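[1] What would the 3D arrangement of this be:
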Amino acid sequence: MKRNFPPIFRHVETTAEMLTEDYVKWATERKIKFPRGPQLTLTFNAEGILLSTPMLKYYLESGMVVSKLYYFVEYAAQTPFRSFVDKMVGKRIEATKSGDKLSQNMSKMLMNSSWGRLGKLVFRLPLLY
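    Reported below is the predicted structural model:
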């Protein structure tokens with residue numbers, strides 16, 4: 001699959017050496033100083049980036065090469081908090097109907113704070129080549 005644009009988004013510290021002569025002239029006329037802080041740009045290569053599965057699949061299907069893989073996270077869709085959330089939503093609805101603001105807010109905060117902690121439990125397994 002041939003692409004006529006660089007497909008990788010990454011932050012790059014821009015230096016004058018990276019620019020064409022015409023653009024350096026344009027930047028000089030406008031008193032733009034280099035190096036510039038990291039700028040979001042499109043490139044053809046990158047090191048040490050995090051890719052989602054669909055993005056990695058797209059790159060591989062486009063003919064790009066992945067030369068190093070440091071680790072991966074496997075996502076298995078599940079609903080471990082279904083009964084908890086259903087119960088808390090029920091309590092929040094009851095509290096809303098009865099005008100009990102304290103119980104309403106407590107139900108909301110318990111739900112929000114409980115599931116957010118799960119994202120911090122990341123297990124890294126050793127990568128076998």
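
[2] Do a quick rundown of the helices in the protein.
    In the chain, the helices defined using DSSP state H lie at 21-29, 53-61, 82-98, 101-118.

[3] what would those look like in TSV with mean pLDDT?
    Compiled in TSV, the helices of the chain are given as follows (pLDDT from 0 to 100):
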stretch	mean pLDDT
helix 21-29	92
helix 53-61	85
helix 82-98	93
helix 101-118	83
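
[4] Phe9: which of these is closest?
    Nearest of those to Phe9, taken as C-beta to C-beta: helix 53-61 at 9.6 Å. The C-beta positions use only the backbone N, C-alpha and C, and glycine is treated the same way.

[5] List of residues touching that closest one?
    Contacts with helix 53-61, where a contact means C-beta atoms under 8 Å, 6 or more residues apart in numbering, come from Met1, Pro7, Ile8, Leu51, Val66, Tyr75.

[6] Relative to Tyr23, which of those is nearest.
    Closest to Tyr23, out of all of the contacts of helix 53-61 and judged by C-beta to C-beta, is Ile8, at 21.0 Å.
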